[in-house]
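> dropping the sequence and predicted coords here.
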Amino acid sequence: MKRWLGLLAALTFLFPLIPAQAEAQVSFGPQVVLWDFEELGVGARVEFGLADAIGIEDGFFESLYGSVNTSYLFIDGDGTNLVFNVNGNVPIAMDGGLRPYVGAGLNHFRSSISVGGTSFSSSASGLNLLGGLLLDLGEIPAFGELQFSTTGDGFLSLTGGVLFGG
């Protein structure tokens, strides 16, 4: 139960990061993560229009959008493992129901464990490089994303989910 409360607290922290100007363009949804191709995780994602909010009207970044996500990782042991990502993404124009995108951002990994009544925790931050696909499924689009992060020794994660709103 304590783990789920930590995840809920983390998600609550992320929502104020969405720019007020982009309220009409906000999408959110659940995600599943295969972290470093070994560990599973679940989380939530929020996407929001960023180009209009910061005044970009034309050029390569005219469709720039931000994504914020957090995931709880089911790593063996009694600890809590959370991953936070804040990214800027640029869609690549294509015809059809697939919309590829590339992005970059920041990653933060936090791990904590209690042993014999004593708590230990560690955290590390790094940079993200990512690419993904948004699949137009009508009312509820789905996404798939491959991300490399320099956090710690570096890791790859494969994420997929659906988005509501926007």
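Yep, that arrived. Source: prediction; values computed, not measured.
> three-state assignment of the closest residue to residue 98 other than its chain neighbours?
Closest residue to residue 98 apart from its sequence neighbours, by CB to CB, 6 or more residues apart in numbering: residue 133 at 5.6 Å. (Each C-beta comes from the backbone N, C-alpha and C, glycine too.) Counting by DSSP: H, G, I helix; E, B strand; the rest coil, the backbone at residue 133 sits in strand.
> write down the beta-bridge partners of residue 133, one by one.
For residue 133, the beta-bridge partners are residue 100, residue 144 (DSSP bridges).
> do the same with residue 155
Under the criterion used (DSSP bridges), residue 155 bridges to residue 149.
> so it makes contact with residue 33?
No: using CB atoms under 8 Å, residue 155 makes no contact with residue 33, being 10.8 Å away.
> more crowded one of the two?
Just comparing residue 155 and residue 33: by other CB atoms under 10 Å the higher neighbour count belongs to residue 33, 24 against 19.
> can you give me the neighbour number for residue 96?
By other CB under 10 Å, the residues close to residue 96 number 6.
> quick one: the residue nearest to residue 79 when sequence neighbours are not counted and residue 33, what's the gap?
Computed as CB to CB, 6+ apart, the closest residue to residue 79 that is not its neighbour in sequence is residue 113, at 3.5 Å. Remark: distance between residue 113 and residue 33 (CB to CB, to the nearest Å) = 20 Å.
> just residue 80 next, same as before
From residue 80 across to residue 33, the span is 15 Å (CB to CB).
> which stretch of helix or strand covers the residue nearest the centre of the chain?
Relative to the mean C-alpha position of the chain, the nearest C-alpha, by CA atoms, centre = their mean, is the one of residue 69, at 2.9 Å. Using DSSP states H and E, residue 69 maps to strand 65-73.
> alpha carbons only: can I get whichever helix or strand comes after that strand in CSV?
On the C-terminal side of strand 65-73, the closest following helix or strand by DSSP H and E is strand 80-91. C-alpha atoms of strand 80-91 as CSV (Å, rounded to 0.1, in the frame of the first residue of the first chain):
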residue,chain,number,x,y,z
THR,A,80,10.3,1.3,-4.0
ASN,A,81,11.6,2.2,-7.5
LEU,A,82,10.3,5.2,-9.3
VAL,A,83,11.3,6.7,-12.7
PHE,A,84,10.4,10.3,-13.7
ASN,A,85,10.8,11.7,-17.2
VAL,A,86,10.2,15.2,-18.6
ASN,A,87,10.6,15.4,-22.4
GLY,A,88,10.1,17.7,-25.3
ASN,A,89,8.9,15.9,-28.4
VAL,A,90,8.7,16.9,-32.1
PRO,A,91,6.3,14.9,-34.4
